[in-house]
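Asker: fold the following and give me the result.
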Amino acid sequence: MAKLRHIAITVDDMEKTASFYEKAFEMKRVRQSDVAIMLSDGIVSLAIIHSQNPNAEGRKGLHHIGFLVDEMQDGATRVEESGGVYHGQIRGIGAGPQSERKYRDPNGIHFDVATTDHARRVWCIPGE
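Answerer: This next block holds a predicted model:
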């Protein structure tokens, strides 16, 4: 069974945005780079992506949602059979299609699916 794991937003001021969510909701930073800050409440994560990041693809606001799957091939097959369109991998992480894949739903909304190992390694949060 898949679980909602993260929501990603694209903003112009990552630090101001991260500080807001840290203060307002007591979220904790689990990872940071020049182009993204990852926060977590211990269950669901919030990725704050800088609008100049190539992964932002020129979008601001909601960027994508992420789901955790038990096993990648079964999860990917289910998504594709349900109408999801494969969209590639996240750039710069090097996770590969065995642990993370990006899709678009029938409305064109971006989402990704990832394994528990990916969540532990990249999101620095415990898996289920």
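
Asker: could you use CA atoms for every contact and neighbour count after this?
Answerer: Will do.

Asker: next, His110: phi, psi?
Answerer: When quoted as degrees, to the nearest 10, the phi and psi of His110 stand at phi -80, psi 140.

Asker: what's the first helix or strand after the longest helix along the chain?
Answerer: Residue-count comparison of every helix in the chain, with assignments taken from DSSP state H, identifies helix 14-25 as the longest. Scanning forward in sequence from helix 14-25, with DSSP states H and E defining helices and strands, the next element found is strand 28-32.

Asker: distance between that next one and the chain's centre?
Answerer: In terms of CA atoms, centre = their mean, to the nearest Å, the gap separating the centre of strand 28-32 from the centre of its chain is 13 Å.

Asker: just the helices in this protein please.
Answerer: Taking DSSP H as the criterion, the chain carries its helices at 14-25, 72-81, 116-122.

Asker: among those, which comes closest to Asn55?
Answerer: The closest approach between Asn55 and any of those, judged by CA to CA, belongs to helix 14-25 at 14.6 Å.

Asker: mind listing what's buried in that closest one?
Answerer: The neighbour-count check on helix 14-25 (16 or more other CA atoms under 10 Å) flags 14, 17-18, 21-22 as buried.

Asker: circling back: let's have the helices of the chain in a markdown table, adding mean pLDDT and distance to Val44.
Answerer: As requested, the helices of the chain are arranged in a markdown table below (pLDDT from 0 to 100; distance: least, CA to CA, whole Å):
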| stretch | mean pLDDT | distance to Val44 |
| --- | --- | --- |
| helix 14-25 | 91 | 12 |
| helix 72-81 | 90 | 19 |
| helix 116-122 | 78 | 11 |
